[in-house]
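**Q** Sequence plus the predicted model coming up.
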Amino acid sequence: MVAFGVIHVIRTTVLFSIILTTGTSLNIGGIIWASIAGASVVFTALFYFYALAREDASRIAPVLAVVPAFTIIFAVLLFRDIPTYLQIFGLIIASTGIFILAVKPENGRLYFAKKIPFLAALASSFFAAWVMIALDEASSHVSVLTSEAFRTLAVSIILPLVFFRKKHFAGVYKSLRNYKTLTLFFIAEGVLAPGFMLLTNYAVSVGPVGPIGIIFTSISPVTVLIIASILSTSRLQILDEVLNRETLAYKILGTLLVISSVVALRI
């Protein structure tokens, strides 16, 4: 989280140097919503990193796809909306998919993964839903670049307040001295993450958030499963995920069920 915060401080400097030189107009409403998105990103990352540190990425990523399920549940609890039969079916399928993802076959027997990482992943998906909602609202007031600049600024303010401590910096220095860790971290947060957030901002600014959410939550788990499996092969050995047929079968089935539930919940 400290390294995540440091790179956001750098990213904020770059983004604001761009928008201040281009004379971009500002709007209070857009700034507030972009800041809410930034705060939600912090909690999304916090719970997601916690889950990833304790479980396979290909098991955790599909859990983030249940964002639409939170929308349905809170609509029922807070607004007394009555879910459709298709939405109820989607919730059942999502729960089944997560249950299957939690199954770990070992030596011909079935075990369950630890509960806490999956609960953390569910918490991450809850805050990820707020990121999408806030970015959608911000896009109606400010440009994509301005929204991303203030979202990043919020992250770079909140994380230092919570995590920037001497002992934490010592841990970051020790971890990033590992060449593989350093390379993967800066590829993820220095290259891929900025591109992802800018494209997400642009997508929600030109289209409805619902279909965009379907595309994001459907493609992401499959992509993670494929890439994580490739990085865990004996030739690369970057990740340490189990690649036997039985384990992959459960992961594929669980991922497909979660994706099916997303489509059902969004119809």
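**A** Noted; the coordinates are in hand. Numbering: from 1, shown residues only.

**Q** Just the helices from the chain, written as ranges.
**A** Counting by DSSP state H, the chain has these helices, from start to end: 2-21, 28-52, 57-60, 67-79, 85-101, 115-139, 144-163, 166-176, 179-187, 193-206, 209-231, 245-266.

**Q** Save those as TSV, and put in mean neighbour count too.
**A** In short, each C-beta sits where N, CA and C put it, glycine included. Formatted as TSV, the helices of the chain follow (neighbours: other CB atoms under 10 Å):
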stretch	mean neighbour count
helix 2-21	17
helix 28-52	20
helix 57-60	24
helix 67-79	16
helix 85-101	18
helix 115-139	21
helix 144-163	21
helix 166-176	12
helix 179-187	12
helix 193-206	17
helix 209-231	17
helix 245-266	19
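
**Q** Can you lay out those as CSV showing distance to Gly108?
**A** Compiled in CSV, the helices of the chain are given as follows (distance: least, CB to CB, whole Å):
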stretch, distance to Gly108
helix 2-21, 40
helix 28-52, 27
helix 57-60, 20
helix 67-79, 33
helix 85-101, 18
helix 115-139, 23
helix 144-163, 43
helix 166-176, 37
helix 179-187, 34
helix 193-206, 40
helix 209-231, 22
helix 245-266, 9
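
**Q** which of those helices has the lowest average pLDDT?
**A** Of all the helices of the chain, helix 67-79 carries the lowest average pLDDT, namely a mean of 68.

**Q** among the helices of the chain, which is nearest Asn107?
**A** Asn107 lies closest to helix 245-266 among those, at 10.4 Å (CB to CB).

**Q** what helices or strands is that closest one leaning on?
**A** helix 57-60, helix 67-79, helix 85-101, strand 103-106, helix 209-231 (3 or more CB pairs under 8 Å, 6 or more residues apart in numbering; DSSP states H and E).

**Q** To Tyr202, which of those lies closest?
**A** It's helix 209-231; of these, that one is closest to Tyr202 (CB to CB) at 10.1 Å.

**Q** I'd like to know which of the helices of the chain lies nearest to Arg109.
**A** helix 245-266 (10.7 Å).

**Q** residues making contact with that closest one?
**A** With CB atoms under 8 Å, 6 or more residues apart in numbering as the test, helix 245-266 has contacts from 56, 58-59, 62-63, 65-66, 68-69, 71-72, 86-87, 89-94, 96-101, 103-105, 210-211, 213-214, 217-218, 221-222, 225, 229.
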